[in-house]
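Asker: Task: produce atomic coordinates for the following.
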Amino acid sequence: MISIGYMSIISMLSHVIFIYITWTAMQGINFEPFVRKNKVTEARIVIIFLAIVIGTGVSNFVLDIIHWSQDLIYLF
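Answerer: Purely as a prediction, here's the structure:
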């Protein structure tokens, strides 16, 4: 039961960390050519959603690798 709690905390922290890393990496991309005039707020929201989607995907991938590596002991 305690291991489920630890995995939950690790999952939440992983998601937040990877979303932050994705957000900071996306700051280096120039999105201005794709933004219409007077639509800056909408563009920022789209960038935030993109950071969440990409960060969550990367986090899920890393968490899956960790989970699979822990399950390898049952193979032998």
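Asker: Could you check which helix or strand contains the residue nearest the centre of the chain?
Answerer: Nearest to the mean C-alpha position of the chain, by CA atoms, centre = their mean, lies residue 55 at 1.7 Å. For residue 55, the element it lies in under DSSP states H and E is helix 40-71.
Asker: picking that back up, residues near the spatially closest residue to the residue nearest to the centre of the chain that is not a sequence neighbour, how many?
Answerer: Residue nearest to residue 55 in three dimensions, not counting chain neighbours: residue 19, with 3.3 Å by CB to CB, 6 or more residues apart in numbering. All C-beta atoms are positioned from the backbone trio N, CA, C, and that covers glycine. A count of nearby residues for residue 19, using other CB atoms under 10 Å, gives 19.
Asker: is it true that residue 19 touches residue 56?
Answerer: Yes. Counting by CB atoms under 8 Å, residue 19 does reach residue 56; the two are 6.7 Å apart.
Asker: Quick check: closest non-adjacent residue to residue 22.
Answerer: residue 55 (3.9 Å).
Asker: any idea how far the one you found lies from residue 18?
Answerer: Applying CB to CB, to the nearest Å, the value for residue 55 to residue 18 is 4 Å.
Asker: Could I get the contacting residues of the residue nearest to residue 22?
Answerer: 15, 18-23 (CB atoms under 8 Å, 6 or more residues apart in numbering).
Asker: again, but for residue 32
Answerer: So residue 32 contacts nothing (CB under 8 Å, 6+ apart).
Asker: Look up phi and psi at it.
Answerer: When read as degrees, to the nearest 10, the backbone of residue 32 gives phi -60, psi -40.
Asker: mind listing what's buried in the helix holding residue 55?
Answerer: 47, 51, 54-55, 58-59, 63 (16 or more other CB atoms under 10 Å).
Asker: go on, stretch 24-37?
Answerer: Under 16+ other CB under 10 Å, stretch 24-37 has no buried positions.
Asker: Kindly format the C-alpha coordinates of it as CSV.
Answerer: The C-alpha trace of stretch 24-37 is given here as CSV (Å, rounded to 0.1, in the frame of the first residue of the first chain):
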residue,chain,number,x,y,z
THR,A,24,11.5,26.4,-20.5
ALA,A,25,12.6,24.6,-23.7
MET,A,26,9.7,26.1,-25.6
GLN,A,27,10.7,29.6,-24.5
GLY,A,28,13.6,29.3,-27.0
ILE,A,29,11.2,28.9,-29.9
ASN,A,30,10.0,32.0,-31.8
PHE,A,31,6.2,31.7,-32.1
GLU,A,32,5.6,35.2,-33.3
PRO,A,33,5.2,34.4,-37.0
PHE,A,34,2.4,32.0,-36.1
VAL,A,35,0.5,34.6,-33.9
ARG,A,36,-2.2,36.8,-35.3
LYS,A,37,-2.4,40.4,-34.3
